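Participant: Requesting a structural model of the entry that follows:
(chains A and B)
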Amino acid sequence: MTRALTEGRTIPILTVVAALVVIWYAFAVWLNSPWQIDRYEKAEVEWTTGQLINDTLNQERPVLPAAHQVAVEIWKTTVQKKITSKRSLVFHGWITLSATLLGFAIGTVLGVALAVFIVHNRAMDKSMMPWIIASQTVPILAIAPMIIVVLNAIGLSGLLPKALISTYLSFFPVVVGMVKGLRSPQAHELDLMHTYNASRAQTFWKLRWPSSMPYLFTSLKVAVAISLVGAIVGELPTGAVAGLGARLLTGSYYGQTIQIWSALFVAAALAACLVMIVGAADRIVMRRMGLAR
Amino acid sequence: MLMPNPVVSAKNLSLTFETNDGPVHALSDINLDVDKGEFVSFIGPSGCGKTTFLRVIADLETPTGGTIEVNGMSPGQARMARAYGYVFQAASLYPWRTVENNVALPLEIMGYSKADRAERVKRTLELVNLTGFEKKYPWQLSGGMQQRASIARALAFDADLLLMDEPFGALDEIVRDHLNGQLLELWARTDKTICFVTHSIPEAVYLSTKIVVMSPRPGRVTEVIESTLPKERPLDIRETPQFLEIAHQVREGLKAGHSYDE
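Facilitator: Alright, predicted model coming up:
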């Protein structure tokens, strides 16, 4: 047990977490104390350092909320709220998650399809790739509101416009990864298929597609994380009705820093879970293909 | 009575690659017949065109001059008729397929039934002594076993012609001796025609009924040596005067083609 702790990753990870928490609290005290001291002076009360530290860590609208404040807020808005409540982070998280997953799915299908066309068609290769790269140089924050507004004008609202912003971000790593993956078979492997007089479809399904699997999963890990970013960005210009993005926006309207940080942490945890799920799928597929050693 | 058609027949065959540094004459004026049931080795230094010639037979390269026929057809037609099995220097087994599924790959592509596939996989794996390794993945096999699996894959669909491009080049000498013996046995049992590219003089002499000595710049045939060794060849035939005499002839042929010049 002790050996597992010292030799495993547990101790290093806990050490880093502890260090981060200490730094966090130090910053919380430092950043929140000017306002606190100001209040003391206005109220003309005597104060001690201990009292100051205690008060800076328990303000209602701190510049930087302390870790326990965020933890309590997350606890209150997840476990202690009904998930149908507008104040439940589970409710908002699910709204963001559903847009993320839909956008991720569309982005993956679109990315793979584009990669297949690009690999099999020289004209597509020459004409599409520059546009695909250019699409990612446009700041998503600039283009997201326009997508939402345009789609609203043609009667599309709710889940799909947000998902499309996720798609816009997530198809890119999939295209790039899959073009590389589908081209990863070596010359002699392709020659082998040629000697069997294999059709293009057979070469694709029996050689190119399985060869590209490691590349696909690497791309999907990136894609799923930025899908979540896309969904959150997509929620900002909708008038902040619902979703983690909406929580971030309303939080910043009303100076509810604790609410902002809670939403941030839930978003980060959600992203971590999504990446882990893709990672698990990766391992399962690799094992079934006999590629895991 | 007409002579049976040769399996491979090249007449004035040449192939020139256009590169940025000017044309490279990979093959120049090759005239060569390979008859049914022969074991023909192609030997020469790098750049002599021996691999290129094999690739022309396999329709992996297109000649720029002369004619070549495989089984009386163009190489393209022969390829579509699945006339040959090709063994590359790298075993090129697909890592996500087990040994039996690797051997079944050409059979799947060629549309054999499931039962037929299973029967052929079993038979060819027996032929290369890999019975019992059906469910292993390539990385679980040694280099020699991987190359045997790739030979099984080339044999699985019963092509009469086997094209082998330095199949044992990456293996150590002990394994190579062993596989050479096995290949001769296999050849005797199956009555295939084999074209075999190699760098090794002893390997060429030990295996072949005919040794084609080639030389570079431009790639051409300098000598064709018919082996006088019996068809039955134990490993220690390599110490007989007859064997050494043929090896000497090969070396002289290479010398005549300036293969040893720098």
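
Participant: Run through the residues of the stretch 51-200 of chain A sitting next to chain B.
Facilitator: A:186, A:188, A:189, A:191, A:192, A:193, A:194, A:195, A:196, A:197, A:198 (Cβ under 8 Å from any Cβ of the partner chain). From N, CA and C alone the C-beta is placed, and that goes for glycine too.

Participant: what's the spacing between the residue most central in space within chain B and residue B:193?
Facilitator: In chain B, the centroid-proximal residue (Cα atoms, centre = their mean) is residue B:164; its distance is 2.3 Å. Noted for residue B:164: a distance of 11 Å to residue B:193, by Cβ to Cβ, to the nearest Å.

Participant: Mind giving me the packing neighbours of the strand or helix carrying residue A:128?
Facilitator: Residue A:128 is part of helix A:122-135, with elements assigned from DSSP states H and E. Applying 3 or more Cβ pairs under 8 Å, 6 or more residues apart in numbering or on different chains; DSSP states H and E, we find helix A:122-135 packed against helix A:89-120, helix A:159-182.

Participant: how does it look with 7 Å?
Facilitator: helix A:89-120 (3 or more Cβ pairs under 7 Å, 6 or more residues apart in numbering or on different chains; DSSP states H and E).

Participant: quick one: the helix it packs on to helix A:122-135, angle?
Facilitator: 150 degrees (axes from the mean of the first three to the mean of the last three Cα atoms, to 10 degrees).

Participant: Relative to the whole chain's centre, how far out is helix A:89-120?
Facilitator: 12 Å (Cα atoms, centre = their mean, to the nearest Å).

Participant: cool, and stretch B:249-258?
Facilitator: Stretch B:249-258 has its C-alpha centroid displaced from the chain centroid by 21 Å (Cα atoms, centre = their mean).

Participant: Give the buried residues for it.
Facilitator: By neighbour count on 16 or more other Cβ atoms under 10 Å in any protein chain shown, the buried set for stretch B:249-258 is B:249, B:250, B:253, B:254, B:257.

Participant: how far away is the closest residue to residue B:177 other than its chain neighbours from chain A?
Facilitator: Leaving out its chain neighbours, the residue that sits closest to residue B:177 by Cβ to Cβ, 6 or more residues apart in numbering or on different chains is residue B:235, at 6.4 Å. From residue B:235 across to chain A, the span is 30 Å (Cβ to the nearest Cβ, to the nearest Å).

Participant: Quick one: mean pLDDT for the helix or strand containing residue A:231?
Facilitator: Applying DSSP H and E as the criterion places residue A:231 in helix A:209-235. Here helix A:209-235 scores 93 as its mean pLDDT.

Participant: Just want the angle from it to helix A:159-182.
Facilitator: Relative orientation of helix A:209-235 versus helix A:159-182 (the same axes, to 10 degrees): 150 degrees.

Participant: For helix A:209-235, name the packing helices and strands.
Facilitator: helix A:89-120, helix A:140-153, helix A:159-182, helix A:244-253, helix A:257-288.

Participant: With residue B:69 as the reference, name the closest of these.
Facilitator: Among the helices and strands packed on helix A:209-235, the nearest to residue B:69 by Cβ to Cβ is helix A:89-120 (32.6 Å).

Participant: Please tell me how far the residue sitting nearest the centre point of chain A sits from chain B.
Facilitator: Closest residue to the average C-alpha location of chain A: residue A:225 at 3.1 Å, with Cα atoms, centre = their mean. As defined by Cβ to the nearest Cβ, residue A:225 lies at a distance of 27 Å from chain B.

Participant: and the gap between that residue and residue A:89?
Facilitator: The gap separating residue A:225 from residue A:89 is 19 Å, by Cβ to Cβ.

Participant: secondary structure element for the residue lying closest to residue B:69 once chain neighbours are set aside?
Facilitator: Excluding the flanking residues, the one nearest residue B:69 by Cβ to Cβ, 6+ apart is residue B:9, at 4.7 Å. Counting by DSSP H and E, the element that carries residue B:9 is strand B:8-19.

Participant: Could you list the paired strands of that strand along with their orientation?
Facilitator: Within its sheet, strand B:8-19 is paired with strand B:22-34 (antiparallel), strand B:65-70 (antiparallel), according to DSSP bridges.

Participant: So which of these is nearest residue B:105?
Facilitator: strand B:65-70 (22.2 Å).

Participant: What angle do helix A:244-253 and the helix holding residue A:231 make with each other?
Facilitator: Interaxial angle of helix A:209-235 relative to helix A:244-253 (the same axes, to 10 degrees): 30 degrees.
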